[in-house]
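A.B. asks: curious how this folds, go ahead:
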Amino acid sequence: MPISLTRSELFDDYVRESVERLERRWPQLIDVEFAVQEVPLADAGAPEPEAVPLGRVIAAAQGRKSRIIVYRRPVEIRVKTRDDRAALVHEILIEQVADLLGLSPDAIDPRYDEE
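C.D. replies: Numbering: from 1, shown residues only. Alright, predicted model coming up:
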């Protein structure tokens with residue numbers, strides 16, 4: 001009997017597969033932590049964002065590694081199919097890696113505009 005993965009486990013797999021693709025092209029990402037959170041945490045002192053973020057970069061500081069976070073629930077709400085979800089996760093990670101490295105998304109993955 002095949003074991004069924006939960007939506008959360010499937011999402012983690014999408015992130016893991018995308019990170020592996022990106023690390024093959026950008027070995028310096030080995031020093032970056034990648035994480036999944038259900039939703040962005042509210043910052044009481046920050047103004048309300050116009051849109052719910054799908055991901056976030058936290059730059060390295062005080063001995064901590066840089067960190068890239070993908071927010072599961074906002075992504076799942078945005079797209080309905082598994083293929084679309086996997087593609088959106090990869091797009092989010094490309095954009096966050098580009099932001100972290102100071103490059104364009106096209107430089108991170110030349111197929112960025114095609115996805």
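
A.B. asks: let me see the ranges of the helices in this structure.
C.D. replies: 7-25, 72-78, 82-101, 105-108 (DSSP state H).

A.B. asks: now these in a markdown table, with mean neighbour count?
C.D. replies: For the C-beta atoms, the positions are set from N, CA and C on the backbone; glycine is no exception. Below are the helices of the chain laid out as a markdown table (neighbours: other C-beta atoms under 10 Å):
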| stretch | mean neighbour count |
| --- | --- |
| helix 7-25 | 15 |
| helix 72-78 | 16 |
| helix 82-101 | 19 |
| helix 105-108 | 16 |
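
A.B. asks: quick one, which of these is nearest to E33?
C.D. replies: helix 7-25 (10.2 Å; C-beta to C-beta).

A.B. asks: for that closest one, enumerate the helices and strands it packs against.
C.D. replies: With contacts taken as 3 or more C-beta pairs under 8 Å, 6 or more residues apart in numbering; DSSP states H and E, helix 7-25 sits against strand 33-37, helix 72-78, helix 82-101.

A.B. asks: what's the closest of the ones you listed to R64?
C.D. replies: Nearest to R64 among the helices and strands packed on helix 7-25 is strand 33-37; the distance by C-beta to C-beta comes to 8.5 Å.

A.B. asks: can you give me how far that closest one is from the chain middle?
C.D. replies: Computed by C-alpha atoms, centre = their mean, to the nearest Å, the chain-centroid distance of strand 33-37 equals 7 Å.

A.B. asks: what's the answer for stretch 26-34, then?
C.D. replies: Mean C-alpha position of stretch 26-34 versus that of the full chain (C-alpha atoms, centre = their mean) differs by 13 Å.

A.B. asks: pull out the buried positions in that stretch.
C.D. replies: Going by neighbour count (16 or more other C-beta atoms under 10 Å), the buried part of stretch 26-34 is 26, 29, 32, 34.

A.B. asks: I'd say the last one and D12 touch.
C.D. replies: No. With contact defined as C-beta atoms under 8 Å, F34 and D12 do not form a contacting pair (10.1 Å).

A.B. asks: off-centre distance for stretch 54-67?
C.D. replies: Centroid separation between stretch 54-67 and its chain, computed with C-alpha atoms, centre = their mean, is 13 Å.
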